[in-house]
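Engineer: Make a model of this:
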Amino acid sequence: MSNTSILPDLFTSSALDRVGHQPVQLIGADGRLTTSGESLDLDLDLARALYRDMVRARRLDKEALALQRQGRVEPVADEPGQEAAQIGSIRALRDSDMVFPSYREHGAALCRGIGPADLMRQWRGAAHSGWDSVESRFHIYSLVLGTQALHATGYAAGAALEGSDEVVAVYFGDGAASQGDVNEALNWAAAGSLPVLFFCQNNQWAISTPTRLQMRTPLHVRAAGFGLDAYHVDGNDVMAVHAVTAHAAARIREGGGPALIEAQTYRFGGHSSSDDPKRYRSDEEFASWELKDPLTRTEAFLRGAGVGDDFFAALDEEVDAFAAVVRDECKNISGAHLAELFDRVYADPHGPLAAERATFEAYSAALGTEA
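Structural biologist: Sure, this is the predicted structure:
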């Protein structure tokens, strides 16, 4: 695609020289191109596609929160405000690249073909995971903070041994970056020159702890100290996120070793549907970030580029229909049979496990309950 054609010019210095700079931005909060954006031939068709993905992701969150308030699903970690960081990055990867999410990557999941029912099956407590991580190349959500970084690093070690050019991407937040698992993963990936792309969505808050109290040094600076190629991007600028991710992924694929992208973004809602962010965030702070909303920014850019009302009207109709699907699929979710848990213990069945399953099924039958 054309908008990465001169990106290397934005990254002519070494990673250690780049850190601490202002984040890469191609489209400003007002929807106008920045100087860097004007120097690139931005792909308008790509911008339309990314905007559609973001609108769908936000509508999913809106419906999920309403369903949670109705008691139809358990608490969810929604993502409003972080759509550009997720959509821009996941769409810059190959569909064959393995992705390890945390627990908030609903927009990225939709881009990998994971449907609303698959996501809500987990939120409703009906299954440990609602999708096939092998087929989708999208691992199950990690609710234990930061563990997915080590999972991704171990997976990447296997991919490197096989001589694959696969990029292994892992998502986490600024809060998880304070966990030992993430720092160990950064070190292991750098020491082994593993093909891992660490993507941090810095949404400014680790539940109720602000970034300024979590760390003295920005994460992309720390990552460069570990020996990773580090990038800093405006996480609410979907075109900048896409361009930087495409550039970083290409370097990794060419054998350049691991990289980290720190995307500056903001979550408009609480840490989860059980959280009240007004208890620790000011109205002034929220209002300042609301002006940087990735959806309104991208819409302004598209309209300024000549995209007409018909596109937005058709998209409104599409997402309304999508919302109806979300609600209907939630109503039809049922719990899995407990015996199915035995299918997910080992990759290959073996005698002792089969015996345990048979014992469990016999016990359930004796009680007159479904397995």
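Engineer: Return the set of buried residues in stretch 188-204.
Structural biologist: By neighbour count on 16 or more other Cβ atoms under 10 Å, the buried set for stretch 188-204 is 188-190, 194-204. From N, CA and C alone the C-beta is placed, and that goes for glycine too.
Engineer: Going by distance to residue 270, which of those wins?
Structural biologist: When these are compared for distance to residue 270 (Cβ to Cβ), residue 203 wins out at 11.2 Å.
Engineer: Not counting its neighbours along the chain, what's nearest that closest one?
Structural biologist: The shortest distance from residue 203 to any residue that is not its chain neighbour, by Cβ to Cβ, 6 or more residues apart in numbering, is 4.3 Å, and that residue is residue 267.
Engineer: Relative to residue 155, how far out is the one you found?
Structural biologist: Here residue 267 is placed at a distance of 27 Å from residue 155 (Cβ to Cβ, to the nearest Å).
Engineer: what do you get for residue 133?
Structural biologist: Taken as Cβ to Cβ, the spacing of residue 133 relative to residue 155 amounts to 11 Å.
Engineer: Helix, strand, or coil at residue 292?
Structural biologist: For residue 292, the assignment made with DSSP: H, G, I helix; E, B strand; the rest coil gives coil.
Engineer: residues in contact with it?
Structural biologist: Neighbour list for residue 292: 29, 236, 266 [criterion: Cβ atoms under 8 Å, 6 or more residues apart in numbering].
Engineer: Most neighbours out of those residues, which is it?
Structural biologist: For the contacts of residue 292, counting by other Cβ atoms under 10 Å, the largest number of neighbours falls to residue 236: 30 neighbours.
Engineer: Quickly find the element holding residue 104.
Structural biologist: Following DSSP states H and E, there is no helix or strand that holds residue 104.
Engineer: picking up where we left off before, from the buried residues of stretch 188-204, which land in helices?
Structural biologist: When DSSP state H is applied, these are split such that 188, 189, 190 fall in helices.
Engineer: can you map out the helices along the stretch 201-350 of the chain?
Structural biologist: According to DSSP state H, counting those that start in this stretch, the stretch 201-350 of the chain carries its helices in the segments 211-214, 219-226, 238-253, 283-290, 294-304, 309-331.
Engineer: How far off centre is the shortest one?
Structural biologist: I take that to be helix 211-214. A distance of 22 Å separates the centroid of the chain from that of helix 211-214, by Cα atoms, centre = their mean, to the nearest Å.
Engineer: Likewise for the last one?
Structural biologist: Between the mean C-alpha location of helix 309-331 and the chain-wide mean there is a distance of 22 Å, by Cα atoms, centre = their mean.
Engineer: cool, stretch 279-292 as well?
Structural biologist: Using Cα atoms, centre = their mean, the mean C-alpha position of stretch 279-292 is found 22 Å from that of the whole chain.
Engineer: re earlier: kindly reformat the ones in helices among the buried residues of stretch 188-204 as a markdown table containing distance to residue 58.
Structural biologist: A markdown table is the format used below for these (distance: Cβ to Cβ, whole Å):
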| residue | distance to residue 58 |
| --- | --- |
| 188 | 35 |
| 189 | 32 |
| 190 | 35 |
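Engineer: Just name the closest of these to residue 55, please.
Structural biologist: residue 189 (33.9 Å).
Engineer: Could you verify my assumption that the closest one touches residue 196?
Structural biologist: Yes. Residue 189 is in contact with residue 196 according to Cβ atoms under 8 Å; the separation is 4.4 Å.
Engineer: Wait, residue 228 touches residue 260, no?
Structural biologist: Yes. Judged on Cβ under 8 Å, residue 228 makes contact with residue 260 at a distance of 4.9 Å.
Engineer: Quickly list what's touching both of the two.
Structural biologist: Overlap between the contact sets of residue 228 and residue 260, as judged by Cβ under 8 Å, 6+ apart, is given by 186, 198.
Engineer: Compare these two (neighbour count), which wins?
Structural biologist: The residue with the greater number of neighbours, taking residue 228 and residue 260 and applying other Cβ under 10 Å, is residue 260; the counts read 28 against 24.
Engineer: Name the stretch among the helices of the stretch 201-350 of the chain that sits most buried.
Structural biologist: For the helices of the stretch 201-350 of the chain, the stretch with the most neighbours on average is helix 238-253, a mean of 25; neighbours defined as mean count of other Cβ atoms under 10 Å.
Engineer: Mind giving me the packing neighbours of it?
Structural biologist: Judged by 3 or more Cβ pairs under 8 Å, 6 or more residues apart in numbering; DSSP states H and E, helix 238-253 is in contact with helix 44-69, helix 83-90, strand 196-202, strand 229-234, strand 259-264, helix 294-304.
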